[in-house]
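>>> Everything below, folded, please.
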Amino acid sequence: MLDATNNPRGSRINWVNVSTVLSAAILIAAEVFGAAFAGGWALYNLFLSSFFSLIGLEAYGMHITQGFGNFGGRGGSGPNEQSFIHLDGEPAKTELMDGIDTTWNRVRGGAEIAQASQALIDGFNGNEPSAVIPKLLALRAKLGALPSDPVVNDKRAHRT
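Okay, the predicted model is just below:
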């Protein structure tokens, strides 16, 4: 009696045929499992979960840092609008920071920093940018000599 390999002994296994059958069984099992999983997922979403379009809308609404706003799903609440309530002091007329000094003049000794900074900006030559380095170092020394203040400490910390 001969086996599939025409080997007269009949006791040898044809590993090519075995590996082919095993590969086919694995592929069929994977297809069956994948179809069952996809079908179960579809049924779950159809009967128990949100519709896919609502999931997409909610994901789209989460991009608040990109200026899309939060649309909040069904019905939606529109963009997130906030307002300021005036509690005390002089109310702002054109912008929120009206009446608040945001210049170097608010810091003791800061007027000299403001003048030196403006002189650097006015005298900057784009054809020779390295010429400003000694003036920047002098300005940095002046900044280091200022007394401790939250604004000054913040400016000192942002050295890059």
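>>> does residue 22 sit in a helix or strand, and which one?
Here residue 22, judged by DSSP states H and E, is contained in helix 15-47.
>>> If I look at residue 82, what pLDDT would I see?
As predicted, residue 82 sits at a pLDDT of 69.
>>> for residue 4, same thing?
55.
>>> Same check on residue 26?
At residue 26, the pLDDT recorded in the model is 91.
>>> need the next SSE after the strand or helix carrying residue 115, C-terminal direction.
If you go by DSSP H and E, residue 115 is part of helix 110-122. Using DSSP H and E, the helix or strand that follows helix 110-122 towards the C-terminus is helix 133-145.
>>> What residues sit buried inside whichever helix or strand comes after that following helix?
Next along the chain after helix 133-145, taking DSSP H and E as the criterion, comes helix 150-157. Within helix 150-157, the residues that count as buried by 16 or more other C-beta atoms under 10 Å are 152, 155. C-beta here means a position set from N, CA and C on the backbone, and glycine is covered the same way.
>>> where does this protein have low pLDDT?
1-11, 48-82, 159-160 (pLDDT under 70).
>>> Next, the contact list for residue 98, please.
90, 92 (C-beta atoms under 8 Å, 6 or more residues apart in numbering).
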